[in-house]
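# Following is a predicted model, sequence given first.
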Amino acid sequence: MAKGGNVVGSWAFLIGVVLAVVLGILGAVNANWVIVLAIIGLIVGFLNIADKEVEPFLMSGAVLIIASALGQGVMKLVPVINDVLVALLAVFVPAIIIVAIKHVFTLAKS
């Protein structure tokens with residue numbers, strides 16, 4: 001997270017992850033909550049990642065997305081974990097997409 005940077009982005013990241021885990025545990029992940037989590041992910045992507053954090057965020061985010069997406073197939077037997085993975089994907093996919101697009105534009109400029 002951006003240190004000394006955007007407080008809104010930092011709080012969005014924290015709230016998004018906690019909300020995703022709580023909603024997953026409660027089994028309350030539905031279309032409305034996925035939209036809310038995706039909006040939080042967009043806020044994180046736009047406001048929270050500093051330039052020096054882009055590559056580690058993209059790498060760890062990509063691993064999280066891959067593991068969550070592939071883990072859903074295995075974790076269908078454990079609905080709580082499956083719901084947590086779905087909710088985490090709803091936060092991290094938009095954040096990763098925004099950060100990746102911003103990074104591509106940065107690379108194109110240099």
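Everything's here; your move. Numbers count the residues shown, from 1 in each chain.

# center of this protein - which residue?
The centre of the chain sits closest to residue 92, judged by CA atoms, centre = their mean, with a distance of 1.7 Å.

# Distance from whichever strand or helix holds that residue to the middle of the chain?
Assessed by DSSP states H and E, residue 92 sits inside helix 79-109. Once both centres are worked out by CA atoms, centre = their mean, to the nearest Å, helix 79-109 turns out to sit 5 Å from its chain's centre.

# can you pull the contacts of the residue nearest to the centre of the chain?
Residues in contact with residue 92, defined by CB atoms under 8 Å, 6 or more residues apart in numbering, are 41, 61, 64-65, 68. Backbone N, C-alpha and C define where each C-beta goes, glycine included.

# ok, of these, which one's closest to residue 107?
Proximity of these to residue 107, judged by CB to CB, is greatest for residue 61, which lies at 17.3 Å.

# With only the CA atoms kept, save stretch 49-67 in CSV.
Extracted in CSV, the C-alpha atoms of stretch 49-67 (Å, rounded to 0.1, in the frame of the first residue of the first chain):
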residue,chain,number,x,y,z
ILE,A,49,-0.6,1.6,-5.6
ALA,A,50,2.6,3.8,-5.6
ASP,A,51,5.0,3.6,-8.6
LYS,A,52,7.6,1.5,-6.7
GLU,A,53,4.8,-1.0,-5.6
VAL,A,54,3.4,-1.7,-9.1
GLU,A,55,5.5,-4.7,-10.1
PRO,A,56,5.2,-6.5,-6.7
PHE,A,57,1.5,-5.8,-6.6
LEU,A,58,1.0,-7.1,-10.1
MET,A,59,3.0,-10.3,-9.4
SER,A,60,1.3,-11.0,-6.1
GLY,A,61,-2.1,-10.0,-7.4
ALA,A,62,-1.7,-12.3,-10.4
VAL,A,63,-0.8,-15.2,-8.2
LEU,A,64,-3.8,-14.4,-5.9
ILE,A,65,-6.1,-14.3,-8.9
ILE,A,66,-4.8,-17.5,-10.4
ALA,A,67,-4.9,-19.4,-7.1
